[in-house]
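Coordinates only, no sequence provided:
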Ligand code: FAD
């Protein structure tokens, strides 16, 4: 039986904890927050009974059969296919851009992919080298849609012009040539029926797992000898682990302003993006759409998202400066593997990971090091 220490009770840490505990190892999970589940944490609002995500809406989607099968043990799931609208002047358009978006925006009646391709071919320029988000969008949809949907949204979200931002960011939102309005096209798209907090709680409920909340790793390390653990999995920020020796990695954060309204619905869709600089927020989420109440209620909860450099580290900023720093931190992290210390998850590897990717990587790491 090995002794395992896991820092962070988010999905990455919980997946590893469950796997090791299931194998018969003794696992200690610590997290500095007052709750488990990391950024997927949600709760039922006391007044309205509406399930609200504390760190932004979380919608599960995956093509991985392995991840999907793994999750079935811990929760029942209800289907949920996400759609996003974007407000451009007085119109609400579908996102990612698809046949409907192009028809709505240019007031056309294109009927199929072929017509959409030949229409956009006249709007776009073929670029030899597509490295920034700006190049990518211009080469895909042309100037008008770029300005209406992407340019200012990117400025607000990242405080960077799309010309400074890796094309990888925008490629998460691929162009579609059909009229499929779903935000994701993955095979499995669903929500855990009792929310993500309960999903992770179930993962961590095991006789071999001890969970200590309100326990910061750096204080813990100062008071405890880590050599008592055979393996350590750290899902906190990698630069903090090394005391920012090479400098701080940049993160973009969000300030969530929650509002309760005496309305059955505040808006016509769960998520509406606001690219215009006339609005200081980027997005309004209405939570009722994710877990509709059993009976209609004349109350609803929304959150407006204000991007900021302060607050929780949410989005790694994918630009050259951070790639260079990350190379240095990764080489330090690699050296620690010999001592059984591993860096895991979105903060430990400084990458934007969807929930299924975080779980898939944790499962893979378990198989490699068990
Ligand atoms: P986290 O959930 O961040 O967990 C890390 C944990 O480590 C935290 O609980 C933290 O408190 C703890 N920790 C950090 N430092 C220390 C320390 N020093 N000591 C002790 N504990 C520490 N993914 C999707 O698939 N679908 C979505 O719709 C989606 N929406 C998102 C919306 C937003 C706004 C954001 C930011 C992310 C979204 N994601 C979404 C991604 C999702 O949140 C991540 O995939 C998931 O959180 C990864 O889990 P993790 O365990 O790696 O990290």
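That came through, no problem. It should be emphasised that the depicted structure is a prediction, and the values quoted were computed from it without experimental measurement.

Give me the distance between the residue in the stretch 51-200 of the chain that the ligand sits nearest to and residue 39.
Closest residue of the stretch 51-200 of the chain to the ligand, CB to the nearest ligand atom: residue 56 (2.8 Å). For glycine as for every other residue, the C-beta is placed from the backbone atoms N, C-alpha and C. As judged by CB to CB, to the nearest Å, residue 56 and residue 39 stand 7 Å apart.

Give the intersection of the neighbour lists for these two.
Residues touching both residue 56 and residue 39 (CB atoms under 8 Å, 6 or more residues apart in numbering): residue 314.

in the stretch 251-370 of the chain, what residue is nearest the ligand?
The ligand sits closest to residue 345 of the stretch 251-370 of the chain, with a gap of 2.6 Å, by CB to the nearest ligand atom.

Could you list which residues are in contact with that residue?
8, 10-13, 235, 353, 358, 361-362.

if I pick the nearest residue to it once chain neighbours are set aside, what's in contact with it?
Spatial nearest neighbour of residue 345, chain neighbours left out: residue 12 (3.3 Å); criterion: CB to CB, 6 or more residues apart in numbering. By CB under 8 Å, 6+ apart, the contact set of residue 12 is 38, 233, 235, 344-346, 348, 353, 358-359, 361-362.

try 7 Å this time
Taking CB atoms under 7 Å, 6 or more residues apart in numbering, we find residue 12 in contact with 235, 344-345, 358, 362.

State the distance from it to residue 79.
Computed as CB to CB, the residue 12 to residue 79 distance reads 25 Å.

can you check residue 193 too?
Separation of residue 193 from residue 79 (CB to CB) stands at 11 Å.

Between these two, which is the more surrounded one?
Comparing residue 193 with residue 79 by other CB atoms under 10 Å, the one with more neighbours is residue 193, at 12 against 8.

Neighbours of the closest residue to the more buried one other than its chain neighbours, how many?
In space, and not counting its chain neighbours, residue 193 is closest to residue 76: 4.6 Å by CB to CB, 6+ apart. Counted with other CB under 10 Å, residues neighbouring residue 76 total 10.

Residue 191 is in contact with residue 76, correct?
No: under the criterion of CB atoms under 7 Å, residue 76 makes no contact with residue 191, lying 10.2 Å away.

all helices of the stretch 251-370 of the chain, in order?
Under the criterion DSSP state H, counting those that start in this stretch, helices of the stretch 251-370 of the chain are mapped to 320-336, 345-348, 355-369.

Residues of the protein that sit close to the ligand?
7-13, 30-33, 38-40, 55-60, 216-218, 235-236, 254, 314, 345-347, 353-356, 358 (CB under 6 Å from any ligand atom).

among those, which ones are buried?
Taking 16 or more other CB atoms under 10 Å as the criterion, what is buried in those is 7-13, 30-33, 38-40, 57-60, 217, 235-236, 254, 314, 345-347, 353-356, 358.

Give me the subset of the residues you listed lying in strands.
The strands, defined by DSSP state E, take in 7, 30, 60, 254 from these.

Now do the same contact list for the closest residue to the ligand within the stretch 101-250 of the chain.
Nearest residue of the stretch 101-250 of the chain to the ligand (CB to the nearest ligand atom) works out as residue 236 at 2.8 Å. The contact partners of residue 236, taken as CB under 7 Å, 6+ apart, are 7-8, 217, 347-348.

okay, those in a markdown table with pLDDT next?
Shown next, in a markdown table, are the contacts of residue 236 (pLDDT from 0 to 100):
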| residue | pLDDT |
| --- | --- |
| 7 | 98 |
| 8 | 98 |
| 217 | 98 |
| 347 | 97 |
| 348 | 98 |
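
Columns distance to residue 161 on top of the residues you listed, output as JSON lines?
Converted to JSON lines, these look like this (distance: CB to CB, whole Å):
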{"residue": "7", "distance to residue 161": "36"}
{"residue": "8", "distance to residue 161": "34"}
{"residue": "217", "distance to residue 161": "37"}
{"residue": "347", "distance to residue 161": "26"}
{"residue": "348", "distance to residue 161": "30"}
